[in-house]
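# Need the 3D shape of this:
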Amino acid sequence: QVQLVESGGGLVQPGGSLRLSCVAPGRTLSLYGMGWFRQAPGKERESVGAIDRSGASTFYADSVKGRFTISKDNARNTVSLQMNSLKPEDTAVYYCAARFASRGSIYQKTSDYNSWGPGTQVTVSS
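Sure, this is the predicted structure:
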């Protein structure tokens, strides 16, 4: 397992942007596939998107496609989630997740991951 820490959450108006980051202190993420998930009150945790271990391939949920972008910087052991055109329904606690990955594989389900960060709150409201 890998210790993960998210940052960058906060309050933003509809239409605004936020950038979340996820780091693994003291560990390299170059062999790990990463995912971003979110959980709103009263709802199940859902996938936002995922990226393969090299950072070359990505997956996005339909609800965020075209608005959110995941990137991975293996040199800095960081995964980011750029969120644009935010909507009130994007309000949730956002989690990053990691798992040891084979080359080119992207993992979309919560059950695929064995390492989770504590989460960061994103609130979209006017």
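
# Nearest the geometric middle of this structure, what residue?
Trp36 (2.4 Å; C-alpha atoms, centre = their mean).

# which residues does it contact?
The neighbours of Trp36, taking C-beta atoms under 8 Å, 6 or more residues apart in numbering as the test, are 20, 22, 47-50, 70, 79, 81, 94-97. (Glycine included, C-beta is placed from N, CA and C.)

# just checking, it is part of a helix?
No. Secondary structure of Trp36 (DSSP: H, G, I helix; E, B strand; the rest coil): strand, not part of a helix.

# So which residues of the protein form strands?
For the chain, the strands identified by DSSP state E occupy 5-7, 10-12, 18-23, 32-39, 46-51, 58-60, 68-73, 78-83, 92-100, 115-116, 120-124, in order along the chain.

# Please identify the most buried of these.
Using mean count of other C-beta atoms under 10 Å, the stretch among the strands of the chain with the largest mean neighbour count is strand 32-39, at a mean of 24.
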